[in-house]
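>>> Quick one, fold the following:
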Amino acid sequence: MALNLNNYLRRISFHGQLKVDQRTLGLLHRKHLQAVPFENPDIPLGRKIELNLEKLERKIVSNLRGGFCYELNGLFYALLKEIGFEVKMISARVFGDEKIGQEFDHMALVVSLDEDWLVDVGFGDSFLEPIRMELGLKQKDPGGFFIIREHDAKYLRLEASKDDLNYVPKYLFSLAERQLEDYAGMCEYHQTSLESSFTRERKCTLATEKGSVTIRDNHFIETIAGQKIFREIANDEEFRQILKEYFQIEIM
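Numbers count the residues shown, from 1 in each chain. Okay, here's the model as predicted:
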């Protein structure tokens, strides 16, 4: 399938010259996170998500929606390929409540330039710029501080911190190349299992120039310069109003 490159770039408000370099990769990454929300309202409504690039392009580009990791990183992978980047999909296991997710719990990307870069536009509250794949290097980002460590013989571990003092593990990942269809089982799990957080609560988050805006179930959270402002969402009507006002999403 060939992407409509111009429509995709218009969707993320990217107007620069396309080059296969670090600067362009960083701009594409940031623009994507500030234009396309990480969101799951379709899942509580029972609307099936299929890992089909044509359907993902229609949803995210044509219908101005967002998605979760398999959708966002899956389509971003196709965009980077179309531009000419050397990119691969990788599997990650997310740290949750006292446990680590299964293989293919999360999709991230690795882009190879002169150096390798960890790329992820589908994790919600994360880094705005790609992370250099250098073990033990603390990297400052508008989203906080990040570091990649060796976890064991098989996995690397991404950790994050808001203050460069207390680092929290985000996910484990290996560098084995994966294909979109490899994630189908876990994509189905996250849509249907009562153990998945995606079926238990509504999620939506979008990066902004000053921080982020987030829906977490019945709460709306606006983060400005590190300060969080919480507001309770009273009902479904207010939920839909917030989706439209802050995320430009209309649920039909």
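>>> Show the residue spans covered by the helices in the chain.
Secondary structure of the chain (DSSP state H): helices at 5-11, 22-35, 53-57, 69-83, 184-192, 197-200, 236-247.
>>> Please identify the most buried of these.
For the helices of the chain, the largest average neighbour count (mean count of other Cβ atoms under 10 Å) is found in helix 69-83, namely a mean of 22. The way it works is simple: take the backbone N, C-alpha and C, and place the C-beta from them, glycine included.
>>> Can you tell me which of the helices of the chain is nearest to Ser91?
helix 184-192 (8.8 Å; Cβ to Cβ).
>>> between the closest one and helix 69-83, how many degrees?
130 degrees (axes from the mean of the first three to the mean of the last three Cα atoms, to 10 degrees).
>>> Show which residues not belonging to helix 184-192 make contact with it.
The contact list for helix 184-192, computed with Cβ atoms under 8 Å, 6 or more residues apart in numbering, reads 43, 48-49, 51, 68, 70, 102-105, 196, 198-199.
>>> contacts for stretch 14-32?
With Cβ under 8 Å, 6+ apart, stretch 14-32 has contacts from 9, 12-13, 72, 76, 79-80, 83-85, 111, 113-114, 117, 119, 121, 128-130, 207.
>>> Give me the subset of those residues lying in strands.
Among the contacts of stretch 14-32, the residues falling in strands (DSSP state E) are 111, 117, 119, 207.
>>> right, and the first one touches Val87 too?
Yes: proximity of Val111 to Val87 meets the contact threshold set by Cβ atoms under 8 Å, at 4.8 Å.
>>> what is in contact with those two at once?
Shared contacts of Val111 and Val87, counting by Cβ under 8 Å, 6+ apart, come down to 80, 119.
>>> who touches the helix or strand bottoming out on mean pLDDT in the chain?
Lowest on mean pLDDT, DSSP states H and E among the helices and strands of the chain sits helix 197-200, with a mean of 90. Helix 197-200 has contacts (Cβ under 8 Å, 6+ apart) with 40, 43-44, 68, 96, 190-194, 203.
>>> returning to what we had before: output the contacts of helix 184-192 as JSON lines; include the columns distance to Val20.
Below are the contacts of helix 184-192 laid out as JSON lines (distance: Cβ to Cβ, whole Å):
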{"residue": "Ile43", "distance to Val20": "35"}
{"residue": "Lys48", "distance to Val20": "35"}
{"residue": "Ile49", "distance to Val20": "30"}
{"residue": "Leu51", "distance to Val20": "26"}
{"residue": "Phe68", "distance to Val20": "27"}
{"residue": "Tyr70", "distance to Val20": "25"}
{"residue": "Gln102", "distance to Val20": "34"}
{"residue": "Glu103", "distance to Val20": "30"}
{"residue": "Phe104", "distance to Val20": "28"}
{"residue": "Asp105", "distance to Val20": "30"}
{"residue": "Ser196", "distance to Val20": "36"}
{"residue": "Phe198", "distance to Val20": "34"}
{"residue": "Thr199", "distance to Val20": "39"}
